[in-house]
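A.B. asks: After the sequence you'll find the predicted model.
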Amino acid sequence: MKPATLILLLAFLAAGCATTKVSYMFMKPEAWREELARRGVDARSVPDPLLVSEQIGQVAVRLAGAGTPPERLQRLQQGLF
């Protein structure tokens, strides 16, 4: 392979590796609405599946109680399942 071709190939590969996709995990509500708007979707028509409502947060705090993170996680899991 010619050096110029190899350099060009490596440049294309490096550019492809440099691009990143949007992570949809742990998006803030504003980012969720912006992503929907970017796609032309009305945010009021699509609920944020990862949004923790105030009620859910209160129940989670009550279920988790005090203790170490593993203990709290176990109580949350027991409450869910």
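C.D. replies: It's in. Just so you know, these numbers come straight off a predicted model, no measurement behind them.
A.B. asks: And stretch 69-81, what's buried?
C.D. replies: By 16 or more other CB atoms under 10 Å, the buried positions in stretch 69-81 come out as 72, 75-76. Quick note: C-beta positions are derived from backbone N, CA and C, even for glycine.
A.B. asks: now the end-to-end length of stretch 48-62.
C.D. replies: Taking CA to CA, to the nearest Å as the measure, stretch 48-62 stretches 23 Å from start to finish.
A.B. asks: Give the rounded mean pLDDT of it.
C.D. replies: Mean per-residue pLDDT for stretch 48-62: 90.
A.B. asks: outside of it, which residues touch it?
C.D. replies: Identification of contacts with stretch 48-62 by CB atoms under 8 Å, 6 or more residues apart in numbering yields 24-27, 29, 32, 76, 79.
A.B. asks: which regions of the chain sit below the pLDDT cut-off?
C.D. replies: Within the chain, the segments meeting pLDDT under 70 span 1, 6, 8-22.
A.B. asks: returning to that earlier point: keep only those of the contacts of stretch 48-62 that are in helices.
C.D. replies: With helices taken from DSSP state H, the overlap with the contacts of stretch 48-62 comprises 29, 32, 76, 79.
A.B. asks: can you redo those as CSV with distance to residue 67?
C.D. replies: Shown next, in CSV, are the ones in helices among the contacts of stretch 48-62 (distance: CB to CB, whole Å):
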residue, distance to residue 67
29, 29
32, 32
76, 11
79, 14
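A.B. asks: Is residue 72 within a helix or a strand, and which one?
C.D. replies: Secondary-structure element containing residue 72, defined by DSSP states H and E: helix 69-80.
A.B. asks: same thing with residue 59?
C.D. replies: Element membership of residue 59 [criterion: DSSP H and E] is helix 54-64.
A.B. asks: Now do that helix against helix 69-80: the angle between them, please.
C.D. replies: Taking axes from the mean of the first three to the mean of the last three CA atoms, to 10 degrees, one finds that helix 54-64 is oriented at 120 degrees with respect to helix 69-80.
A.B. asks: Residue 26 - nearest residue in space that isn't next to it in sequence?
C.D. replies: Sequence neighbours aside, residue 50 is the residue nearest to residue 26 in space, at 7.2 Å (criterion: CB to CB, 6 or more residues apart in numbering).
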